[in-house]
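Chemist: how does the following fold in three dimensions:
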Amino acid sequence: FGFGSKKAYISKRKVEIVEKKKSKKEEMKIEEDDDEAYSSCSSISDEELDAPMDDDDKPNMPPTMSNVQPHANFQQPIPQQNFMANFQPMPEPKPLSNKKNRQKKKMPKKQMMQQPMMQPPPMLQQPMMQPPPMMQQQLIPPQMQQPFPTVVPPPRAAHPGPKKKYRQEVDTNVVKLNLRVIEDQGQVATGDPIKCNNCQAFFSINSKVLGEEPNQAWTCEFCNYTNNISIEEEEKPTTDSTTYILEAGKKEEESKAMDTSATPGASNKEGISVIFCLDISGSMDATLPSAGKKMKYGKSPNYVTRLQCVKLAIDQQIENLYKDNPNTKIGFVTFENSVEIIGDATQQSLIIGQNLFNNYEGILETSIGYSDNLLKSSICDSKTNLLNKLETIRTGGLTALGPALLASVGIAGRGAVGSKVVLCTDGLANKGLGMVENLHNPKLLQETSDFYEKVGNYAQQHGVTVSLISLVSSECKLEMLSPIANLTEGDILRVDPMKLGDDFATMIAERVIATQAQVEVQIHKGLTFRNESSENLNGTLNMMTRKVGNITNETEITFEYALKRPEELSTMEDLDMSKITHLPFQTRVIYKSLSGDKCVRVFSSMQSVTFEKEEAKEEADEVLLGMHAMKGAANLAEKGEYRQAQAAAKMWGKKLGSKEAKKTYISNTKELYGALQVQQSMAPAPKGNKVQQRLGTMDLVSTNLNKAKRMNMKKFIQF
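Modeler: Residues are numbered from 1 along each chain as shown. As a prediction, this is how the structure comes out:
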């Protein structure tokens, strides 16, 4: 466990209201705008959200004469004011008699009538304060003439109708779970776990036993229910972490004898499989300028194609794995009009024809059936064949991405647990299963979404991690494919082809340490989970269940909690929150180990309580709070609530006290914030239609959401 503060914060105002309602001395109803009860609640306006993440005081608008300082070399400094704001039009002159007019103006009547009305000087007629063209370069200081960052939110039009305010509770009641610690089993318990008969919490080091055998009793620290138990002294947990083995894994001989489509396949003693699923459609021939030096696989010192960049990156990974992990199996699957399973290039490759492109079971069975033959050699034996084959790969026609991805997952699923698929593409899937180009039929759109969910679930069950890479300057509808990466703890990246090697290396280095994981978190019955999806919560709102899938050495999750509403607490006669000094937390991770054992790892902790908000803030871990805020904003955006996600990101940023923590937070979140602002400016998808929302999400947003959701403390600090 990691906590947002050393002490849990409980609103004193809420506790007072609960006690008054219980005593029935005074009927009180808490309102949402009760600042004392909701002292953690913050609000923010639409205007504030239009400002960039790194500066709340400057609007996100182009430089104008009212907000740009004149250059030092400018000879005639212009006063720093908005001319149009001070300009008052001349009142319309009163008509004069013809006689007086002729005497004053000494001009004929006809000429007088043709005289134009008085106008402001030409400079003042220019629309809202852009500098005169000849002055623009002098007026804009050097720091504003630099290239724009990766994401520059466009100026937003004035918000129609009434201005909206967004509210959200923001405090230190945040918890981080570091799941990579399950790699070390810790204390392994003998026998079955003892559970509370009421709330199913596990007996832990924090549980207190009263009486002696056989008349022992345990009052559950989570729900106050008294359980009659029988436990010997040596059976009691002695650490805050205990592992229970629920089901032993099958022996290797039994595993090999089982049906190929139902098991992860090869022994875990072998190296993992890494399948590079490569787009070789015609668009991969697009060229990029090179540094004037001919690259390997390149044909000219002046330019290089996208495919040549991909080849070079894979070449580097083959060399690295040959040195560092020679037992790894590497295979290629390429796709264009057809799908070619090359494998380790030691055997004749297999072509999956278009007659199978819409047959899920046919593609899967074909790839699995040939996988043992096409991917049987480790890289120490196949390196030369792989590099020779890489040289001969050429571009083709369309983009049969879906069938190729399914075949790649099928092959990787036959490898050791923790095998990987790395998909690299620069275009939309437009052939066969998973097609996303020109999808206007709602039924076909739903079928495409279901296909990627199904492939993701298959990969998750077989311990395969799937990562998706798109190349910059292309739009691939990555959000439609995102369930595969999210279910398997894979990455979604949008990268410069010239820098592809580093991204490949990072993906391959990440290790899977458990599969088919599910996390259960239990908190005190007086608490509730805050900003958590209702489908993850139980009826009493104090137990959360999240499906994690694969757990890697990088996996961390966070959640936040709050005191339940006084209306609920006042009905709990056995609970007096004013006398609570510590709150219990318990996490149960149910997973399948790499050896095949089904286990549950139980983590238990107690956190002291404070009723003073400032005391909790003084002992806050602001880096942890910032990381959680980034994850929370991504979760909101994934539901299509882009504006609320921006509001949450801004409000959390304002609550961070130290300059260093705020700087770290802004550097991590400003690209996500800018991407959401760009997405927000686009036409929204119909409410409640998740598939339409995915289809309309830009790749820029998808990659930032994945990055935020997979963020951990190490990455957050290093960014």
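Chemist: count the neighbours of the spatially closest residue to residue 173 that is not a sequence neighbour for me.
Modeler: Spatial nearest neighbour of residue 173, excluding adjacent residues (CB to CB, 6 or more residues apart in numbering): residue 561 at 5.2 Å. Bear in mind the C-beta positions are built from the backbone N, C-alpha and C, glycine included. When counting by other CB atoms under 10 Å, one arrives at 25 neighbours for residue 561.
Chemist: could you look up the SS state of residue 427?
Modeler: coil (DSSP: H, G, I helix; E, B strand; the rest coil).
Chemist: residues in contact with it?
Modeler: Contacts for residue 427 (CB atoms under 8 Å, 6 or more residues apart in numbering) come out as 279, 281, 283, 399, 474, 476.
Chemist: isn't the third one up against residue 473?
Modeler: No: with contacts defined as CB atoms under 8 Å, residue 283 does not count as touching residue 473, sitting 10.4 Å away.
Chemist: pick out whichever of those two has more residues nearby.
Modeler: Set residue 283 next to residue 473 and count neighbours by other CB under 10 Å: residue 283 wins out with 19 against 12.
Chemist: pretty sure that one sits in a strand.
Modeler: No: counting by three-state DSSP, residue 283 is not found in a strand; it is helix.
Chemist: and the pLDDT at it?
Modeler: Looking at residue 283, its pLDDT reads 90.
Chemist: if I look at it, how far off is residue 474?
Modeler: In this view, residue 283 and residue 474 are 7 Å apart by CB to CB, to the nearest Å.
Chemist: which residues sit in contact with the residue nearest to residue 569 when sequence neighbours are not counted?
Modeler: Once flanking residues are discounted, residue 569 sits nearest to residue 18: 4.5 Å by CB to CB, 6+ apart. Neighbouring residues of residue 18 by CB under 8 Å, 6+ apart: 566, 569-570, 577.
Chemist: name the element residue 18 belongs to?
Modeler: helix 12-23 (DSSP states H and E).
Chemist: can you give me the buried ones in that helix?
Modeler: 12-19, 21-22 (16 or more other CB atoms under 10 Å).
Chemist: just these now: which is nearest residue 490?
Modeler: residue 14 (41.7 Å; CB to CB).
Chemist: count the neighbours of residue 617 for me.
Modeler: The burial count for residue 617: 19, using other CB under 10 Å.
Chemist: surely it touches residue 7?
Modeler: No: counting by CB under 8 Å, residue 617 does not reach residue 7; the two are 9.8 Å apart.
Chemist: distance of the residue nearest to residue 569 from residue 12?
Modeler: Relative to residue 12, and taking CB to CB, residue 18 is found at 11 Å.
Chemist: go on, residue 394?
Modeler: 71 Å.
Chemist: what does residue 599 give?
Modeler: From residue 599 over to residue 12 (counting by CB to CB), the distance is 42 Å.
Chemist: CA atoms only: put the helix or strand hosting residue 468 into PDB for me.
Modeler: Here residue 468 is covered by strand 465-471, with elements defined by DSSP H and E. Extracted in PDB, the C-alpha atoms of strand 465-471 (Å, rounded to 0.1, in the frame of the first residue of the first chain):
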ATOM      1  CA  THR A 465       0.800  -8.900 -23.900                       C
ATOM      2  CA  VAL A 466      -0.300  -6.900 -27.000                       C
ATOM      3  CA  SER A 467       1.200  -3.500 -27.800                       C
ATOM      4  CA  LEU A 468       0.000  -1.200 -30.600                       C
ATOM      5  CA  ILE A 469       2.300   1.300 -32.400                       C
ATOM      6  CA  SER A 470       1.100   3.800 -35.000                       C
ATOM      7  CA  LEU A 471       3.400   6.100 -36.900                       C
END
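Chemist: which parts of that strand are buried?
Modeler: 465-471.
Chemist: try stretch 304-313
Modeler: In stretch 304-313, counting by 16+ other CB under 10 Å, buried: 304-313.
Chemist: identify the residues contacting that stretch?
Modeler: Taking CB under 8 Å, 6+ apart as the rule, stretch 304-313 contacts 278, 280, 283-288, 290, 295-299, 390-391, 393, 395, 424, 426, 471, 497-498, 500-501, 503-504.
Chemist: of those, which belong to strands?
Modeler: 278, 287-288, 424, 471 (DSSP state E).
Chemist: buried among those? Make that a ChimeraX selection.
Modeler: Buried members of the ones in strands among the contacts of stretch 304-313, defined by 16+ other CB under 10 Å, are picked up in ChimeraX with:
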select :278,288,424,471
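Chemist: in TSV: the ones in strands among the contacts of stretch 304-313, plus distance to residue 324 and pLDDT.
Modeler: Converted to TSV, the ones in strands among the contacts of stretch 304-313 look like this (distance: CB to CB, whole Å; pLDDT from 0 to 100):
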residue	distance to residue 324	pLDDT
278	22	96
287	33	86
288	29	83
424	22	95
471	27	87
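Chemist: so which of the ones in strands among the contacts of stretch 304-313 is the closest to residue 482?
Modeler: residue 424 (15.9 Å).
Chemist: in the stretch 101-250 of the chain, where is pLDDT below threshold?
Modeler: Applying pLDDT under 70 to the stretch 101-250 of the chain flags the ranges 101-163, 250.
Chemist: ranges for the helices of it?
Modeler: Ranges of helices within the stretch 101-250 of the chain are 109-114, 136-139, based on DSSP state H, counting those that start in this stretch.
Chemist: next secondary structure after the longest helix seen in the chain?
Modeler: The longest helix of the chain (DSSP state H) is helix 659-680. Per DSSP H and E, helix 659-680 leads on to helix 690-695 as the next helix or strand towards the C-terminus.
Chemist: kindly export that next one (C-alpha atoms) in PDB.
Modeler: Extracted C-alpha coordinates of helix 690-695, given in PDB (Å, rounded to 0.1, in the frame of the first residue of the first chain):
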ATOM      1  CA  LYS A 690     -19.200   3.800 -26.400                       C
ATOM      2  CA  VAL A 691     -18.400   2.300 -29.800                       C
ATOM      3  CA  GLN A 692     -19.200   5.600 -31.700                       C
ATOM      4  CA  GLN A 693     -17.100   7.400 -29.100                       C
ATOM      5  CA  ARG A 694     -14.200   5.100 -29.700                       C
ATOM      6  CA  LEU A 695     -14.400   5.500 -33.400                       C
END
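Chemist: mind listing what's buried along it?
Modeler: Of the residues in helix 690-695, those buried (16+ other CB under 10 Å) are 691-695.
Chemist: can you tell me what sits against that helix?
Modeler: Against helix 690-695 from outside (CB under 8 Å, 6+ apart): 436, 439, 445-446, 449, 477, 479-480, 482, 640, 685-686.
Chemist: just the buried ones from those?
Modeler: Among these, the ones that count as buried (16+ other CB under 10 Å) are 436, 439, 445, 449, 477, 479-480, 482, 640, 685.
Chemist: okay, who's weakest in these by pLDDT?
Modeler: residue 685 (63).
Chemist: the nearest residue in space to residue 595 that is not next to it in sequence - how many residues pack around it?
Modeler: Spatial nearest neighbour of residue 595, chain neighbours left out: residue 249 (5.2 Å); criterion: CB to CB, 6+ apart. For residue 249, the number of neighbouring residues by other CB under 10 Å comes to 17.
Chemist: quick one: residues contacting residue 249.
Modeler: 592-593, 595-598.
Chemist: check the residues you listed and tell me the two furthest apart.
Modeler: 595 and 598 (10.5 Å).
Chemist: dig out what residue 610 forms beta bridges with.
Modeler: residue 9 (DSSP bridges).
Chemist: any idea how many residues pack against it?
Modeler: Residue 610, neighbours per other CB under 10 Å, totals 21.
Chemist: distance check, it against residue 386.
Modeler: Taken as CB to CB, the span from residue 610 to residue 386 is 60 Å.
Chemist: now do residue 47
Modeler: 57 Å.
Chemist: so these two - more neighbours on which side?
Modeler: residue 386 (23 against 12).
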